[in-house]
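J.: Coordinates for the following, if possible.
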Amino acid sequence: MTKPALTLYLAAPRGFCAGVDRAIKIVEMALEKWGAPVYVRHEIVHNKFVVDGLRDKGAVFVEELAECPDDRPVIFSAHGVPKSVPNAAQARNMIYVDATCPLVSKVHIEAQRHADNGLQMIMIGHAGHPETLGTMGQLPEGEVLLVETSQDVAAIEVRDEQRLAYVTQTTLSVDDTADIVAALKARFPAIVGPHKEDICYATTNRQEAVKAMAPKCDAILVVGAPNSSNSKRLVEVGARAGCSYAQLVQRADDIDWRALEGITSIGITAGASAPEVLIDEVIDAFRTRFDVTQTLVETAQENVEFKVPRILRKAG
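T.: Numbers count the residues shown, from 1 in each chain. Below is the predicted model of the structure:
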């Protein structure tokens, strides 16, 4: 029986970004340097496959610093942490390594700089997301107001309309964020924005690739975790860009084959914390069922690399 023909569009860039790459490397290097166990506060990145792999090597994942012993190293996740966390680690004389993505750290520095200049902060982000909690936790409670949608902008109460600045979570939808920024500027014309876009290059690039791919595809699959903000945004971007079926899958086993009956083209991409091995697994699953012609949809090339912290680069 001949397999049905399928054009498989593969997005580029896709998958791991420099911040995720660095965070995983930090855990691996910490295990090499200090041996197991090494504690990690929160999932180092939002991907079960990655977390399970590091757990097998000796990483212990906890939600709070209180769960860590004083005498073992602790690593803070790529999403960033409130200032209270490193302060608590210092008070306990713990060895800690901050794996916060440098692009998230940039937002933290920005928020602090604006606050030092007497501006009240507004953060565009998702309530409860670790990155949002980390950024809001750079300043005293109540100093950062959160907006999730352009509708939220009308309801917020500020101290002084003339002394405001905004920052954004790095993994948001570029288009949604533009709408919220427009609403902020309409209500607060004096509001100060970031010098450079807060949404990270990797999030933007992956969304652009999906936009380019979507009109060609009967369906799009995004390989990523359900708690990964940037992966969920890719699904939304795909649907909005003209693809009627866009779904998130963690592994090839999650593919709903019945929903894909009769398709002649599929687009595949992955969130910034999904490893290439899982993307290959999904492509292989299509190859077993279809006669696949693979086409790369490349909208950007990435060559960003972030150094690991000095504590892991020096001996001893």
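J.: Output the below-cut-off pLDDT ranges for this protein.
T.: Along the chain, the parts satisfying pLDDT under 70 run over 315-316.
J.: all strands for it, in order.
T.: With DSSP state E as the criterion, the chain has strands at 5-12, 38-41, 59-62, 74-76, 96-98, 120-124, 144-147, 164-168, 219-223, 246-249, 265-270, 291-298.
J.: Please identify the buried residues of the fourth one?
T.: Put plainly, it is strand 74-76. 74, 75, 76 (16 or more other CB atoms under 10 Å). (Glycine included, C-beta is placed from N, CA and C.)
J.: From these, pick the one nearest residue 202.
T.: residue 76 (19.7 Å; CB to CB).
J.: Give me the distance between that closest one and residue 186.
T.: 37 Å (CB to CB, to the nearest Å).
J.: now swap in residue 100 and tell me
T.: 32 Å.
J.: Residue 177 now?
T.: On the measure of CB to CB, residue 177 and residue 186 end up 15 Å apart.
J.: and if you look at residue 174?
T.: Counting by CB to CB - residue 174 and residue 186 are separated by 19 Å.
J.: okay, those two: which has more neighbours?
T.: residue 174 (15 against 12; other CB atoms under 10 Å).
J.: you'd agree that one is up against residue 206?
T.: No: counting by CB atoms under 8 Å, residue 174 does not reach residue 206; the two are 10.3 Å apart.
J.: List the residues that contact residue 191.
T.: Counting by CB atoms under 8 Å, 6 or more residues apart in numbering, residue 191 touches 122, 164, 165, 166, 184, 185.
J.: Could you identify which of those residues has the most neighbours?
T.: residue 166 (26 neighbours).
J.: Spit out the contact partners of the spatially closest residue to it that is not a sequence neighbour.
T.: With sequence-adjacent residues excluded and distances taken as CB to CB, 6 or more residues apart in numbering, residue 166 is closest to residue 122, at 4.4 Å. The contact partners of residue 122, by CB under 8 Å, 6+ apart, come to 144, 145, 146, 147, 156, 158, 164, 165, 166, 167, 184, 191.
J.: Just name the closest of the residues you listed to residue 236, please.
T.: Taking CB to CB as the measure, residue 236 lies nearest residue 147 of the contacts of residue 122, at 17.8 Å.
J.: my read: that closest one touches residue 121, true?
T.: No: if you go by CB under 8 Å, residue 147 and residue 121 don't touch, sitting 11.0 Å apart.
J.: Relative to residue 163, how far out is residue 99?
T.: Residue 99 is 34 Å from residue 163, by CB to CB.
J.: Those two - which one has more neighbours?
T.: A direct count of neighbours by other CB under 10 Å for residue 99 and residue 163 places residue 99 higher, at 27 against 16.
J.: Quick check: that one vs residue 69, distance?
T.: From residue 99 to residue 69 the distance is 19 Å (CB to CB).
J.: and if you look at residue 102?
T.: Taken as CB to CB, the span from residue 102 to residue 69 is 29 Å.
J.: Mind checking which of the two has more residues around it?
T.: Neighbour count, other CB under 10 Å: between residue 102 and residue 69, residue 102 has more, with 14 against 11.
J.: Nearest residue to the more buried one in space, ignoring adjacent ones along the chain?
T.: In space, residue 102 is closest to residue 306, 5.2 Å off (CB to CB, 6+ apart).
J.: Now do the helices in this structure.
T.: 18-34, 48-57, 84-91, 102-116, 130-136, 150-155, 174-187, 201-213, 229-240, 276-289, 310-313 (DSSP state H).
J.: got these as TSV, with distance to residue 260 columns?
T.: Formatted as TSV, the helices of the chain follow (distance: least, CB to CB, whole Å):
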stretch	distance to residue 260
helix 18-34	28
helix 48-57	22
helix 84-91	43
helix 102-116	35
helix 130-136	33
helix 150-155	34
helix 174-187	27
helix 201-213	16
helix 229-240	14
helix 276-289	9
helix 310-313	44
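J.: List just the one of these that sits closest to residue 253.
T.: helix 276-289 (8.5 Å).
J.: Please identify the buried residues of the closest one?
T.: For helix 276-289, by 16+ other CB under 10 Å, it's 278, 279, 281, 282, 283, 285, 286.
J.: In this structure residue 79 contacts residue 104, no?
T.: Yes: applying CB under 8 Å, one finds residue 79 in contact with residue 104, separated by 6.7 Å.
J.: Overlap of the contact sets of these two?
T.: Counting by CB under 8 Å, 6+ apart, the residues touching both residue 79 and residue 104 are 131, 134.
J.: More neighbours: which of these two?
T.: A direct count of neighbours by other CB under 10 Å for residue 79 and residue 104 places residue 79 higher, at 27 against 24.
J.: Can you tell me which of the helices of the chain is nearest to residue 5?
T.: Across the helices of the chain (criterion: CB to CB), the nearest stretch is helix 276-289, sitting at 11.5 Å.
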